[in-house]
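> 3D, please:
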Amino acid sequence: MQQLAKKRGGRCLSDIYVNTRTPLLWQCANNHRWQASANCTSFGQWCRYCVADKELKTMRRIASRHGGFCLSDIYINTEIPMLWECIKGHRWHAKPHGIKTGKWCRQCRDDNMRGKMGSK
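Residues are numbered from 1 along each chain as shown. Below is the predicted model:
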């Protein structure tokens, strides 16, 4: 288990290994600690705290590309809504999954549609 953890820049803090399904205590390079089975760790899962930090930065980068902001301080997963603000100051809650697939401010979209319809 130590070799597996070392490859990811961390450590396995458990002294006893029972089987692949028994939770072990892990520590990442940023000193976050959590419990997970050897199975989970072997198949690519690692520190959820570091993943959340990385995803929050990604969300802020996407918002910035739209000229807006991600106002949430915590990323949980792609299905838990976060708070956003567009370049015009509109605020709304949306799931990261939608933002990642290109959805942005619904109010701006609706205003643009009304403007296009009014000019016809």
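> mind giving me the packing neighbours of the helix or strand bottoming out on mean pLDDT in the chain?
When each helix and strand of the chain is scored by mean pLDDT, DSSP states H and E, helix 38-42 comes last, with a mean of 77. When contacts are defined as 3 or more CB pairs under 8 Å, 6 or more residues apart in numbering; DSSP states H and E, helix 38-42 packs onto helix 2-7, strand 23-27. In this view, the C-beta of every residue, glycine as well, is placed from N, C-alpha and C.
> can you mark which positions in it are buried?
Along helix 38-42, the positions that meet the burial threshold by neighbour count (16 or more other CB atoms under 10 Å) are 38, 40, 41.
> same thing with stretch 21-34?
Using 16+ other CB under 10 Å as the test for burial, stretch 21-34 gives 24, 26, 27, 28, 32, 34.
> before we move on, the earlier item: so which of the buried residues of helix 38-42 comes closest to residue 76?
Of all these, residue 76 sits closest to residue 40, with 18.1 Å by CB to CB.
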